[in-house]
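Participant: I'll drop the sequence and a predicted model, then ask my questions.
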Amino acid sequence: QLQLVESGGGLVQPGGSLKLSCATSALTLDYYSIGWFRQAPGKEREGVSCISANDGSTYYADSVKGRFTISRDRAKNTVYLQMNSLKPDDTGVYYCAADNRYLYCSGSAARYDDWGQGTQVTVSS
């Protein structure tokens, strides 16, 4: 079972930025697609972004396109989520998750087997 640890969450004002990190226990990210999800109180878990194992192709939810950027550092086996122009609606617990069954990543949580513990992001003035 892959271990994932998120970090980088916190309190930020609207319009601000945060960079989340997802450190994995993988020997290589070449076999794992990594997804970022978020869950606000009273809402379902939502797929935010993901990066595919095989070619590094990416997916973004419409709500974050143009504001969030996902990237990976293969040497560190870590995936990042740069979040800019943050809005109060971006508030929630952010989770990263890993999938090693499919070539291309997906924003569907059902595709992912291993999850981190989450990091809180609060966007408020």
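Facilitator: Yep, it's here.
Participant: For Asp114, give me phi and psi.
Facilitator: Main-chain dihedrals, Asp114, degrees, to the nearest 10: phi -120, psi 140.
Participant: Tell me which residues touch it, please.
Facilitator: Counting by Cβ atoms under 8 Å, 6 or more residues apart in numbering, Asp114 makes contact with Gln1, Leu2, Gln3, Leu4, Ala97, Ala98. Just so you know, the C-beta spots here come from the backbone N, C-alpha and C atoms, and that holds for glycine as well.
Participant: Quick check on the residues you listed: which are buried?
Facilitator: Applying 16 or more other Cβ atoms under 10 Å to the contacts of Asp114, the neighbour count classes Leu2, Leu4, Ala97, Ala98 as buried.
Participant: What residues are bridge-paired with the residue nearest the centre of the chain?
Facilitator: Centroid check for the chain by Cα atoms, centre = their mean gives Trp36 as the closest residue, at 2.2 Å. Note on Trp36: beta-bridge partners Ser49, Cys96, judged by DSSP bridges.
Participant: which ones are touching it?
Facilitator: Leu20, Cys22, Gly47, Val48, Ser49, Cys50, Ile70, Val79, Leu81, Tyr94, Tyr95, Cys96.
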